[in-house]
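In: Give me coordinates for this.
(one chain, ligands or ions: 1)
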Amino acid sequence: MTEMDTLKAELLACVAAATDLAALEAVRLDALGKKGRISVQLKTLGGLEPELRKQTGQALNLVKDEVAEAISMRQTELEADALSAQLAKERVDISLPVQPPLAGGIHPLSRTMEEIAAIFADMGFSIAEGPDIETDFYNFTALNIPPEHPARQEHDTFYLRPDETGVRPVLRTHTSPVQIRTMQQVKPPIRIIVPGRTYRSDHDATHSPMFHQCEGLVIGKDIHMGHLKGCLIDFCRAFFGVDDLPVRFRPSFFPFTEPSAEVDIGCRRVDGKLEIGTGDDWLEILGSGMVHPRVIENCGLDPDQVQGFAFGMGIERLAMLKYGIPDLRTFYDSDLRWLRHYGFMPIDVPALHTGLDEGV
Ligand code: DAH
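Out: A predicted model of the protein is given here:
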């Protein structure tokens with residue numbers, strides 16, 4: 001075997017033995033680089049006899065070409081191997097079960113408010129809001145609760161520091177002041193609900209110093225008690241999801257309505273558990289009445305021209321009844337396990353932004 005054949009065999013063996021691209025590059029430099037074994041030999045050609053130079057030169061160039069060709073082929077092979085290895089490593093196993101999506105929920109009170117709003121939106125009501133800090137006028141006087149009225153004591157009002165005129169603002173004890181604010185601002189027909197925070201100095205398993213109410217007000221030319229009854233019966237049946245839910249109107253008293261009625265729904269208690277919709281027991285769920293003419297007058301409207309009805313309900317109480325939540329205080333504990341247990345999703349409230357349609 002000639003020296004040339006040995007060199008070729010050695011270099012081709014090295015090429016075949018290179019197991020990755022870096023090793024192959026090292027082989028290339030060792031053979032064909034500036035100081036590589038073939039390059040060094042090529043440089044010695046100048047010192048040879050012309051005939052020998054020609055022969056040796058041709059043979060060396062053949063070796064060079066063969067080695068270069070072998071390197072190029074090996075490179076293609078190694079690149080394909082590297083790509084397959086990478087693809088295998090990055091392969092997604094689509095047979096694995098997906099991770100369950102982590103979805104947030106909404107608070108049962110928010111959910112209940114959305115349900116109430118959706119039902120009234122369907123009946124053409126829009127939403128009105130008012131401030132949590134109220135004046136004595138809006139919270140009491142305009143609602144026909146004058147200063148000496150006993151209802152003031154019943155409300156356990158939180159009073160704030162007096163302003164510069166000596167008047168003490170209050171944290172609103174109910175959402176009813178928004179009736180007054182709306183009648184002062186909007187010409188009848190009016191059809192609104194007012195969901196919002198309310199405050200009373202009271203704290204036990206069924207009372208919280210901050211709680212929520214939803215007020216309702218309908219004012220127009222010919223609104224009568226029949227409208228009140230129809231509207232509230234429909235609401236109760238839709239809210240509790242019982243089509244033939246018994247609903248009873250019981251005479252009552254509120255300073256801002258005349259006549260006034262409390263609304264009860266049919267229920268029964270089985271082994272201490274409440275069942276809504278059947279039985280011969282009754283459960284009070286909201287207050288209502290025809291708006292007192294004096295209240296209409298206090299808003300600058302003429303009670304001989306317009307009249308209407310109003311109602312007010314406690315949102316915590318409705319949520320507790322509907323979802324079987326036994327303790328009111330859990331609403332405000334911010335306990336994630338409790339919130340996940342109820343796991344409520346928001347609902348769409350479709351018609352709320354369109355507000356009133358024609359007439360009432
Ligand atoms: N404001 C009353 C309360 O907080 C609830 C209420 C009763 C509101 C009758 C009304 C109504 O609008 O007509 O207890």
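In: Could you pull up phi and psi at the closest residue to the ligand within the stretch 1-150 of the chain?
Out: For the stretch 1-150 of the chain and the ligand, the shortest gap (Cβ to the nearest ligand atom) falls at L143, measuring 7.9 Å. C-beta here means a position set from N, CA and C on the backbone, and glycine is covered the same way. Per-residue torsions, L143: phi -90, psi 20 (degrees, to the nearest 10).
In: ok, it touching P255?
Out: Yes: counting by Cβ atoms under 8 Å, L143 touches P255, with 6.4 Å between them.
In: neighbour-wise, which of the two wins?
Out: The neighbour count for L143 versus P255, taken as other Cβ atoms under 10 Å, is higher for L143 (26 against 20).
In: what's the neighbour count on the residue lying closest to the more buried one once chain neighbours are set aside?
Out: Nearest residue to L143 in three dimensions, chain neighbours excluded: F256, at 4.2 Å (Cβ to Cβ, 6 or more residues apart in numbering). As a burial measure, F256 scores 24 neighbours (other Cβ under 10 Å).
In: Got phi/psi on the residue of the chain most remote from its centre?
Out: Relative to the centre of the chain, the most outlying C-alpha is that of E49, 90.9 Å out, by Cα atoms, centre = their mean. When quoted as degrees, to the nearest 10, the phi and psi of E49 stand at phi -60, psi 150.
In: beta partners of the closest residue to the ligand within the stretch 151-300 of the chain?
Out: Nearest residue of the stretch 151-300 of the chain to the ligand (Cβ to the nearest ligand atom) works out as G287 at 2.8 Å. Taking DSSP bridges as the rule, G287 bridges to E262, G312.
In: I'd guessed it sits against V263; true?
Out: Yes: between G287 and V263 there is a contact at 7.5 Å, judged by Cβ under 8 Å.
In: Between the two, which contacts overlap?
Out: Residues touching both G287 and V263 (Cβ atoms under 8 Å, 6 or more residues apart in numbering) are F311.
In: where does the stretch 51-200 of the chain come near the ligand, residue by residue?
Out: Residues of the stretch 51-200 of the chain lying near the ligand by Cβ under 6 Å from any ligand atom: 174, 176.
In: for the stretch 251-360 of the chain, which spans come out with low pLDDT?
Out: For the stretch 251-360 of the chain, the stretches with pLDDT under 70 are 347-360.
In: Let's see that with 90 instead.
Out: Scanning the stretch 251-360 of the chain for pLDDT under 90 picks out 269-274, 278-279, 324, 326-327, 336, 339-360.
In: any chance you could map the helices in it?
Out: Assigned by DSSP state H, counting those that start in this stretch, the stretch 251-360 of the chain shows helices spanning 293-298, 315-323, 336-342.
In: Select, out of those, the one closest to the ligand.
Out: helix 293-298 (9.6 Å).
In: export that closest one as CSV, just CAs?
Out: Taking Å, rounded to 0.1, in the frame of the first residue of the first chain, the C-alpha atoms of helix 293-298 are listed here in CSV:
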residue,chain,number,x,y,z
PRO,A,293,-98.2,60.1,47.2
ARG,A,294,-96.2,62.2,49.6
VAL,A,295,-92.9,60.5,48.3
ILE,A,296,-94.0,61.3,44.7
GLU,A,297,-94.6,64.9,45.8
ASN,A,298,-91.3,65.1,47.6
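In: Tell me which residues are up against that helix.
Out: Residues contacting helix 293-298 (Cβ under 8 Å, 6+ apart): 141-144, 179-180, 183, 219, 256, 258, 302-303, 306-308.
In: Could you measure from G312 over to T112?
Out: Applying Cβ to Cβ, to the nearest Å, the value for G312 to T112 is 15 Å.
In: Ok, R317 next?
Out: 10 Å.
In: quick one, strands of the stretch 151-300 of the chain?
Out: With DSSP state E, counting those that start in this stretch as the criterion, the stretch 151-300 of the chain has strands at 170-171, 190-199, 210-220, 247-254, 257-270, 273-276, 281-291.
In: can I get these in TSV with mean neighbour count?
Out: Listed next are the strands of the stretch 151-300 of the chain as TSV, based on neighbours: other Cβ atoms under 10 Å:
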stretch	mean neighbour count
strand 170-171	20
strand 190-199	22
strand 210-220	22
strand 247-254	15
strand 257-270	18
strand 273-276	14
strand 281-291	20
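In: Reformat the ones you listed into CSV and put distance to Q75 next to each item.
Out: CSV is the format used below for the strands of the stretch 151-300 of the chain (distance: least, Cβ to Cβ, whole Å):
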stretch, distance to Q75
strand 170-171, 80
strand 190-199, 73
strand 210-220, 74
strand 247-254, 86
strand 257-270, 82
strand 273-276, 79
strand 281-291, 82
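In: These: which one's closest to K64?
Out: strand 190-199 (88.1 Å; Cβ to Cβ).
In: Tally up the residues packed near L321, please.
Out: Counted with other Cβ under 10 Å, the neighbours of L321 add up to 18.
In: Test my guess that it contacts G277.
Out: No: contact criterion Cβ under 8 Å: L321 and G277 do not qualify, at 11.2 Å.
In: just to revisit the earlier point, which one's more surrounded, G312 and T112?
Out: Set side by side, G312 and T112 show more neighbours around T112, with 26 against 22, by other Cβ under 10 Å.
In: That one belongs to a helix, doesn't it?
Out: Yes: the assignment for T112 is a helix, going by DSSP: H, G, I helix; E, B strand; the rest coil.
In: List the contacts of it.
Out: Going by Cβ under 8 Å, 6+ apart, T112 touches 315, 318-319, 322-323.
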